[in-house]
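Novice: please work out how this folds:
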Amino acid sequence: MAAEHRKPVEPDAAPAVAHHAAHHAAAVAAPQDRAPQDRASQDDTSQDDTSQDAAPRDAAPERDDSDDQPDPNRWKALVICLLGGGIVLLDVSIVNVALQSISTGLPGATPEAVQWILSGYALSFGLLLVPGGRLGDATGRRRMFVVGVGLFTLASALCGFAPNGIVLVIARLVQGLAGGLLTPQVTALIQQLFRGKERGTAFGLFGATVGIATAIGPLVGGLLITAFGSENGWRFVFFVNLPVGLVTILLAFRYLPAASAHERGKKHDFDPVGIALLGAAVVALLLPFVQSQVWEGNQKWWLVVAAVVLAVLFVLWERRYGRTKEPVVDLGLFRRRSFSLGVGLATLYFAGFTPLFFVLTLALQSGLHYSALTAGLASLPFAVGSGIASTIGGRIVHRFGRQLIVIGTILVLLGLGAVVWVVANHYRSDLGWWLVVPLLVAGIGSGLTISPNQTLTLSEVPVAQGGSAGGLIQVGARVGSAIGIAAVGSVFYSVLADSKGDFGQGLPLGLGVSLGFVGAALLAGIIDVVVRKARGTQATV
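Specialist: All right, here's what the predicted structure looks like:
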């Protein structure tokens with residue numbers, strides 16, 4: 001990789017005012033033209049005073065895009081981003097423990113409708129990730145963040161008040177679209193507001209949110225169903241999003257940076273053909289996997305072929321469109337090895353990581369007759385380990401680079417391997433207690449994998465492309481999750497059918513497939529470390 005590609009592009013600290021930016025750029029562009037006394041007088045002025053002198057003394061100081069001073073509200077803005085991103089990620093797993101309650105308490109909740117309550121969210125979520133990121137890059141990330149949170153909150157209310165299964169499926173589709181619009185703004189805002197070690201810390205906190213929200217979803221759902229009853233408790237699984245969403249919207253206007261006047265005045269091409277091709281490719285790829293358990297026959301796999309064809313057409317179109325206009329995806333991003341490898345690693349890792357909670361929760365509830373609450377409690381050690389390790393991983397990733405991810409995936413393999421061994425040899429009513437240590441180890445490994453990979457993957461991406469790049473990472477994660485759940489679920493249900501419902505056989509063999517995906521992610525990380533050492537380069541933050 002060329003030297004200029006290895007150097008990370010730092011985010012702009014704050015919204016700009018065009019004439020101040022021009023003034024500052026001119027001052028920096030010609031340092032040799034300054035007289036000695038000018039340089040001496042500048043040396044007598046502190047860096048903090050410099051930013052104030054750029055504005056008239058009788059006017060309120062305005063922030064400059066090229067100013068090195070970070071946004072003073074960046075940590076408060078991060079909390080807002082994590083609140084918004086957290087409720088979206090929570091809804092990926094919180095519904096798992098509510099499915100039985102929905103089936104018994106909602107008219108029209110047929111098995112097909114219940115399947116679409118899960119898969120419809122995943123489909124529509126993946127559909128808008130890249131276009132949503134592009135919209136944020138082009139029209140303002142705060143605007144798209146607020147629109148996403150608002151739409152998600154409204155859809156959550158519709159889910160909670162749904163009178164029948166059809167309305168709930170439609171509301172979940174809208175909820176997924178809102179999540180796809182919102183999620184890339186979170187990574188893009190982190191990329192914009194933070195730099196250097198602080199960026200690693202911020203992504204570490206985001207990684208902790210990903211791990212905790214995914215793992216703790218079943219616990220929160222179990223608590224709500226226990227508190228409000230099995231017949232209507234599922235409704236509060238969606239109502240819990242309402243106060244969080246409203247507070248997040250109010251605080252977003254106060255603390256998230258608005259688009260600058262220059263950015264608002266700039267015209268953009270939105271590449272509708274590229275968006276349509278990419279969306280069709282994502283749906284065609286995801287649909288057979290998320291519907292693998294209810295769509296019988298092999299005809300569905302022709303959609304994978306169609307997805308490949310659509311993806312090729314998308315690449316050809318983007319190359320042509322990008323010659324004169326702004327494409328929805330800058331394909332040049334994939335020439336940066338840190339980005340392309342990071343997206344691939346995220347895809348493989350989420351294919352192994354996500355199915356764990358799907359099959360484990362099912363085995364505990366249906367096989368050992370755990371309540372929704374106790375089944376959710378079983379995932380708590382993973383959430384604790386992931387939350388702590390993500391925060392630490394974000395702070396030390398600048399020292400260890402991709403080697404930290406290798407360590408993390410090794411720990412995940414050890415933890416998942418121990419889960420497989422325990423289930424195979426001790427599938428009894430106290431299984432949850434036996435899984436505490438293995439899930440804690442797997443959670444620590446996950447925390448050292450997700451957030452450092454996010455940081456390194458975006459380290460060389462220009463801030464202006466942060467939304468679309470973040471959307472691509474999330475598409476990889478969603479595709480990986482769908483493929484992983486389909487593959488693990490296929491083995492899991494096949495063994496259950498052959499063994500007449502023996503979860504003690506089905507769960508270990510299903511999770512064996514998860515081990516294979518995590519092992520592939522580990523191999524990708526090892527290859528990157530070896531190649532970088534051979535070339536004398538190092539992953540930067």
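
Novice: and stretch 221-239, what's buried?
Specialist: Under the neighbour-count criterion of 16 or more other CB atoms under 10 Å, stretch 221-239 has 221-225, 228, 230, 233-239 buried. The C-beta positions use only the backbone N, C-alpha and C, and glycine is treated the same way.

Novice: show the pLDDT at Ile396.
Specialist: Looking at Ile396, its pLDDT is 90.

Novice: the helix or strand where it lies: what's the following helix or strand?
Specialist: Here Ile396, judged by DSSP states H and E, is contained in helix 380-400. As assigned by DSSP H and E, the chain's next helix or strand after helix 380-400 is helix 402-425.

Novice: now, which of the buried residues of stretch 221-239 sits nearest Thr457?
Specialist: For the buried residues of stretch 221-239, the closest approach to Thr457 (CB to CB) belongs to Gly221, at 30.4 Å.

Novice: gap between Gly233 and Gly105?
Specialist: 8 Å (CB to CB, to the nearest Å).

Novice: now Pro72
Specialist: 48 Å.

Novice: same question for Ser292.
Specialist: Computed with CB to CB, the distance linking Ser292 and Gly105 is 27 Å.

Novice: and those two? which has more neighbours close in?
Specialist: When Ser292 is set against Gly105 and neighbours are counted by other CB atoms under 10 Å, the residue ahead is Ser292, at 21 against 17.

Novice: check contacts around the closest residue to the more buried one other than its chain neighbours.
Specialist: Spatial nearest neighbour of Ser292, chain neighbours left out: Ala486 (4.2 Å); criterion: CB to CB, 6 or more residues apart in numbering. Counting by CB atoms under 8 Å, 6 or more residues apart in numbering, Ala486 touches Pro288, Phe289, Val290, Ser292, Gln293.

Novice: which of those residues lies closest to Ala258?
Specialist: Of all the contacts of Ala486, the one with the least separation from Ala258 (CB to CB) is Val290, at 36.7 Å.

Novice: the closest one: neighbour count?
Specialist: Quick note: Val290 (other CB under 10 Å) scores 25 neighbours.

Novice: and it, what pLDDT?
Specialist: For Val290, pLDDT reads 79.

Novice: the residue nearest to it when sequence neighbours are not counted sits in which helix or strand?
Specialist: Among residues not flanking Val290 along the chain, Ser119 sits closest, at 3.6 Å (CB to CB, 6+ apart). In this structure, Ser119 sits in helix 111-127 according to DSSP H and E.

Novice: before we move on, what about Ser292?
Specialist: Going by DSSP H and E, Ser292 is not in any helix or strand.

Novice: which ones are touching it?
Specialist: Residues near Ser292 by CB under 8 Å, 6+ apart: Lys300, Ala486, Gly489, Ser490.

Novice: then Thr248?
Specialist: Taking CB under 8 Å, 6+ apart as the test, what Thr248 contacts is Ile80, Leu83, Gly84, Ile87, Val149.

Novice: which pair in those spans the largest distance?
Specialist: Farthest apart among the contacts of Thr248 - using CB to CB - are Ile80 and Ile87, which lie 11.9 Å from each other.

Novice: which one is the most centrally placed residue in the chain nearest to, not counting chain neighbours?
Specialist: Residue closest to the average C-alpha location in the chain (CA atoms, centre = their mean): Gln474, at 4.9 Å. Distances taken as CB to CB, 6+ apart put Leu129 closest to Gln474, at 4.6 Å, once the chain neighbours are dropped.

Novice: so what pLDDT did that neighbour get?
Specialist: Listed pLDDT for Leu129 reads 89.

Novice: how close does the residue nearest to Trp116 when sequence neighbours are not counted sit to Ala389?
Specialist: Excluding its sequence neighbours, the residue lying closest to Trp116 (CB to CB, 6+ apart) is Val169, at 4.7 Å. Distance of Val169 to Ala389, given as CB to CB: 36 Å.

Novice: more neighbours, the two?
Specialist: Set Val169 next to Ala389 and count neighbours by other CB under 10 Å: Ala389 wins out with 27 against 22.

Novice: residues near the closest residue in space to that one that isn't next to it in sequence, how many?
Specialist: Nearest non-adjacent residue to Ala389, counting by CB to CB, 6+ apart: Gly447, 2.7 Å away. Other residues lying near Gly447 total 32 when counted by other CB under 10 Å.

Novice: just to check, Gly447 is in contact with Thr209?
Specialist: No. Gly447 lies out of contact with Thr209 (CB atoms under 8 Å); the separation is 10.9 Å.

Novice: if we can go back for a sec, OK, contacts around the residue nearest to Trp116?
Specialist: Val169 sits in contact with Ala113, Trp116, Ile117, Gly120, where contact means CB under 8 Å, 6+ apart.

Novice: so what's the third one scoring on pLDDT?
Specialist: Here the pLDDT value assigned to Ile117 is 86.

Novice: state the distance from it to Val237.
Specialist: Between Ile117 and Val237 the distance is 11 Å, computed by CB to CB.

Novice: now the common contact residues for these two.
Specialist: Listed contacts common to Ile117 and Val237 are Val95; contacts here mean CB under 8 Å, 6+ apart.

Novice: now the angle from the helix or strand just after the helix holding Ser119 to helix 111-127?
Specialist: For helix 111-127, the following helix or strand on the C-terminal side (DSSP H and E) is helix 129-139. Put simply, helix 129-139 runs at 40 degrees to helix 111-127, going by axes from the mean of the first three to the mean of the last three CA atoms, to 10 degrees.

Novice: which residue ranges of the stretch 51-200 of the chain form helices?
Specialist: Ranges of helices in the stretch 51-200 of the chain, per DSSP state H, counting those that start in this stretch, are 74-93, 99-105, 111-127, 129-139, 141-160, 165-193, 196-228.

Novice: just so I know, which of the ones you listed lies nearest Leu333?
Specialist: When these are compared by CB to CB, helix 129-139 sits nearest Leu333, at 11.3 Å.

Novice: ok, and what's touching stretch 84-92?
Specialist: Residues outside stretch 84-92 that contact it (CB under 8 Å, 6+ apart) are 121-122, 125, 145, 148-149, 152, 156, 175, 178-179, 182-183, 185-186, 206, 209-210, 212-214, 216-217, 220, 238, 241, 244-245, 248, 252.
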